[in-house]
Every structure is written in C-alpha cells, then in structure tokens.
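1. Generate coordinates for the sequence data below:
(one chain, ligands or ions: 1)
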Amino acid sequence: ALTAGVVGLPNVGKSTLFNAITQAGAESANYPFCTIDPNVGVVDVPDKRLQKLAELVQPQRVIPTSVQITDIAGLVKGASKGEGLGNQFLAHIREVDAILHVVRCFEDDNISHVSGKVDPAADIETIHLELVLADLDTVERRMDRLARQKKSGDPQAKIEYELLSRLQPELAEGRMARLVEWNEEELQLLKGLNLLTLKPILYVANIGEDEVAQADQNQHVQIVQKIAAQEEAEMVTVSAQVEAEIAELEGEEKELFIEELGLQQSGLDRLIAATYRLLGLITYFTAGEKEVRAWTIRKGTKAPQAASVIHTDFERGFIRAEVVGYQALVEAGSITEAREKGWLRLEGKEYVVADGDVITFRFNV
Ligand code: GDP
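-> Modelled structure (predicted):
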C-alpha cells in the first residue's frame, strides 16, 4: 500500500501528531492482514459519502477505507553526510510515496527549538537541503555509472545521462527535483531513481492549542502558506496537541469538543483527506445489503484492476462493471431507481474508474 512519511526537525510535534494518528487508528478488524509495525499508523479515511450511502442502502455494516502514515523520526541537519543515524532516516524517506513535513509554528519557551527560535522558513530550508544533498549524491553516483555505459555505446545510458546532467546543476543550487519542469517521459525516467525531492509534499503547520480557531493569524503559518503556494504544495494547519486530545474521544463527545474549539472537522481528518489526495488516491464504493464499503485505488485505474482490490478473482474473471456516480445514485435514491432511470452504465475493461463511482462488478468464477 502507498504510504506517506512524517518528517520534520526535532521538537516540532511529529511524535505528538503521530500518536494522535495511531490513537485515532482504523478499526483493526478491518485490516487483519496489516503487519504490526509501530512506525506505521493505519487510519480510516473520513468520507461523508459513505454515511449517506449507508442511509440509502441500510446495510449490515459500513466499512471505510484507510490510508497509511509512517513515522520517520529524527531527521537532523547533516543527515545527508551520514551524521548520526542520518543516512538511515533518509533511507526511510526513500521508502515512502509522499512526505508530510511538520513545521513548528507554535511558540512555547519551555520547549527548545533546535536552532534557538521558531523560524519556519529556516526549518523548511534545513530539511530541504538535506533531501537535496542526498539526491545530489544519488544523481552523481548514477552519472558515474552511466558515463561508463555510455562509452560502450549504450543509447539508453546516453539519454539518461543527458537528463541527469540537466538535473545535477539544479540540485547543486539547492532546487528540488520536483520543482524543475519535466515532460512525462523524463519524469518516468527520474522516478526510477526514487529521488527524495521528487516526492510530493504536504506541509503540516503545527500551531498552539489556543490558536486553532484563528490559525490564519499566526504569522509563522502565513510564512508556511507562502512557501507552500510558491512550490504549489498543499498545506494543512493543525495543533498536534489538540489532535492528540481529540483522538482520545469518541462519538458525540468528540463532535462536541470539535465544535467547542470552533472547528467543523478535526485537523486530523483534514490531514488524512489531504494525505490521501497527495498520494494520488481516489475512492470507489460498493453498496450491497450486507455491506457498504469504500475502496482505495490510484487515480487512473481501470475497472478490472479496481476490482482486484476486492479480490484477485474479480480481475481475472472480469466481465463488466455496472457503474453509477455517487451524486446520481443519491438523486435516484436507490440502485433499482437508478437502473430504471437509465443512469446505471455498463462499463468494460478499458473503463477508468472515477472518484465516487458506485460499482457492481460482474465476473466469471
Ligand atoms: P518531535 O520531536 O517532532 O517528535 O516533537 P514532539 O511531538 O515530541 O513534541 C516536542 C514537544 O513539543 C513535546 O513536549 C510536545 O508536548 C510539545 N508540543 C507539540 N505540539 C505542541 C503544541 O501545539 N503546543 C505546545 N505548547 N507544545 C507542543
């Protein structure tokens, strides 16, 4: 499964946030095959559509989909030079598909800051530099190898070498690979290198517990907003401390507390939804009397592969998919009604599943 890794300097609130994530953890009964790794949190993806579908269908159970978040504690200045456990942490970042970069925006004199004061721009720069330097190392090693292959007349090596010689100076100037313009073909080639700075980033601005209702007024948050906008990266503002408190509550108590804070949704729910988008994931639904359930696929997945998320046999024996969009189904009121209105579409093997599709798969066993 795809996973996003939590990174950031020491004392910015990563563990607090990660604890909130694991505390809010998905109903483990739904994921019996998940390996238990203390650094991986599996959380339900909040989705109002699921509740609405459940109201229509009245199933025996409702099962949300989930997203994985990995804790990558301990990235420090000098990591790219292998200082301390630096290299190991960078290796962990290499394994994730997207980065959740926690930035300290709360002031608290009792909690020391690695560089002496709260300074989001400098913090972000520090982390970026480590990632960029690690990539520079990767790219230069690769270029050395390619240079040799190129000499023996390997045309593919030549193409890749030329591509990397465009990337190398950008990295040397401190620019992330993600922010350089590449065409689709180049991007595919670069993906093979698993560069750290090619991974999508979501900034998580961690604010003080008394600021949640007017987060935008925090000047550190404004700085992160500006950086995120420049990089066309997403950002969410949360108070890790508050989220840890919310995560301990359930049901009505939880909703009441969120309301008292002046929020519409917990910060964690916003964070999870943003992480899901960051990973390029979308949701389709199955809606039967037994079970209404959300399923996760990557954007661009075709019907048979989408079916394989439910069961591999579904892909092998795929005949067709009966599809109705979520909005249309809600408007129709039931699948039967949708069918009568002619809103139920029969789709074949080449159909690209859309977010919110409600699907019944027909297949041979
Ligand atoms: P990490 O080193 O990035 O994992 O940071 P921690 O989650 O361990 O947090 C460092 C310290 O900051 C802990 O004492 C937390 O309780 C505290 N902390 C985290 N978030 C907040 C916050 O929103 N407000 C305040 N005042 N303290 C916080």
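2. What distance do you get for the residue minimising distance to the centre of the chain to the ligand?
-> Taking CA atoms, centre = their mean, the centroid of the chain lies closest to T275, which sits 3.1 Å from it. Per CB to the nearest ligand atom, to the nearest Å, T275 is found 18 Å from the ligand. For every residue, glycine as well, the C-beta is placed using N, CA and C.
3. Wait, that residue touches I99, no?
-> No: if you go by CB atoms under 8 Å, T275 and I99 don't touch, sitting 10.2 Å apart.
4. Now do the shared contacts for the two.
-> A4, L202 (CB atoms under 8 Å, 6 or more residues apart in numbering).
5. what sits against the residue lying farthest from the centre of the chain?
-> Going by CA atoms, centre = their mean, the residue of the chain most distant from its centre is S152, 41.5 Å out. The contact partners of S152, by CB under 8 Å, 6+ apart, come to none.
6. How far does the top helix by length along the chain sit from its chain's centre?
-> Taking DSSP state H as the criterion, the chain has its longest helix at helix 120-151. Taking CA atoms, centre = their mean, to the nearest Å, the mean C-alpha location of helix 120-151 is offset from the chain mean by 23 Å.
7. near the ligand, anything from that helix?
-> No: using CB under 6 Å from any ligand atom, helix 120-151 never reaches the ligand; the gap is at least 10.9 Å.
8. quick check: angle from the helix or strand just after that helix to helix 120-151?
-> Note on helix 120-151: by DSSP states H and E, the next helix or strand toward the C-terminus is helix 155-172. Calculated by axes from the mean of the first three to the mean of the last three CA atoms, to 10 degrees, helix 155-172 forms an angle of 160 degrees with helix 120-151.
9. The residue farthest from the centre of the chain and the ligand: what is the separation?
-> 48 Å.
10. Tell me the pLDDT of that residue.
-> Note on S152: pLDDT of 87.
11. packing partners for the longest helix of the chain?
-> Secondary-structure packing of helix 120-151 (3 or more CB pairs under 8 Å, 6 or more residues apart in numbering; DSSP states H and E): helix 86-95, strand 98-104, helix 155-172, helix 219-230.
12. from the stretch 251-365 of the chain, which residue is nearest to the ligand?
-> G267 (10.5 Å; CB to the nearest ligand atom).
13. Let me see the backbone angles for the closest residue to that residue other than its chain neighbours.
-> The shortest distance from G267 to any residue other than its chain neighbours is 3.2 Å, reached at V238 (CB to CB, 6 or more residues apart in numbering). With angles defined as degrees, to the nearest 10, V238 sits at phi -140, psi 160.
14. Is V238 bridged to anything, and to what?
-> For V238, the beta-bridge partners are N206 (DSSP bridges).
15. I'd say it and A205 touch.
-> Yes: contact between V238 and A205 holds when scored by CB under 8 Å: they sit 7.4 Å apart.
16. For Y276, I want the exact helix or strand it lies within.
-> Using DSSP H and E, Y276 maps to helix 267-278.
17. Where does pLDDT dip in the stretch 1-150 of the chain?
-> For the stretch 1-150 of the chain, the stretches flagged by pLDDT under 70 are 26-36, 74-86.
18. Would you mind naming what in it lies close to the ligand?
-> Near the ligand, when you scan the stretch 1-150 of the chain using CB under 6 Å from any ligand atom, you find G8, P10, N11, V12, G13, K14, S15, T16, A73, F106, D108, I111.
19. And for A240, the neighbour number?
-> Around A240 there are 26 other residues, counting by other CB atoms under 10 Å.
20. got a pLDDT number for it?
-> pLDDT at A240 comes out at 95.
21. Touching, it and N206? I think so.
-> Yes: A240 is within contact range of N206, at 5.0 Å (criterion: CB under 8 Å).
22. Over to the closest residue to F361 other than its chain neighbours: give its phi and psi.
-> Spatially, and ignoring its direct neighbours in sequence, F361 is nearest to A307 (4.7 Å; CB to CB, 6+ apart). With angles defined as degrees, to the nearest 10, A307 sits at phi -70, psi -30.
23. quick one: A307 and R320 touch, right?
-> No: using CB under 8 Å, A307 is not in contact with R320, being 10.2 Å away.
24. tell me, what's touching those two both at once?
-> With CB under 8 Å, 6+ apart, A307 and R320 have common neighbours F361.
25. Looking at the two, which has the bigger crowd around it?
-> A307 (27 against 17).
26. quick revisit: redo the residues of the stretch 1-150 of the chain next to the ligand as TSV? Include neighbour count and secondary structure.
-> Output for those, formatted as TSV (neighbours: other CB atoms under 10 Å; DSSP: H, G, I helix; E, B strand; the rest coil):
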residue	neighbour count	secondary structure
G8	26	coil
P10	15	coil
N11	13	coil
V12	27	coil
G13	25	coil
K14	25	helix
S15	16	helix
T16	17	helix
A73	15	coil
F106	21	coil
D108	13	coil
I111	12	coil
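27. among those residues, which two are most distant?
-> A73 and D108 (19.5 Å; CB to CB).
28. for stretch 352-365, how far is the first residue from the last?
-> Distance across stretch 352-365, first residue to last, is 23 Å (CA to CA, to the nearest Å).
29. about what we covered before: counting contacts, what elements does the helix holding Y276 pack onto?
-> Looks like helix 267-278 contacts strand 40-44, strand 66-71, strand 98-104, strand 201-206, strand 234-238, helix 240-247 (3+ CB pairs under 8 Å, 6+ apart).
30. centre of the chain versus it, how much separation?
-> 7 Å.
31. now what about that helix, what contacts it?
-> Contacts for helix 267-278 (CB under 8 Å, 6+ apart): 4, 20-21, 24, 43-46, 67, 69, 98, 100, 200-202, 204, 212, 234, 236-239, 242-243, 246-247, 296.
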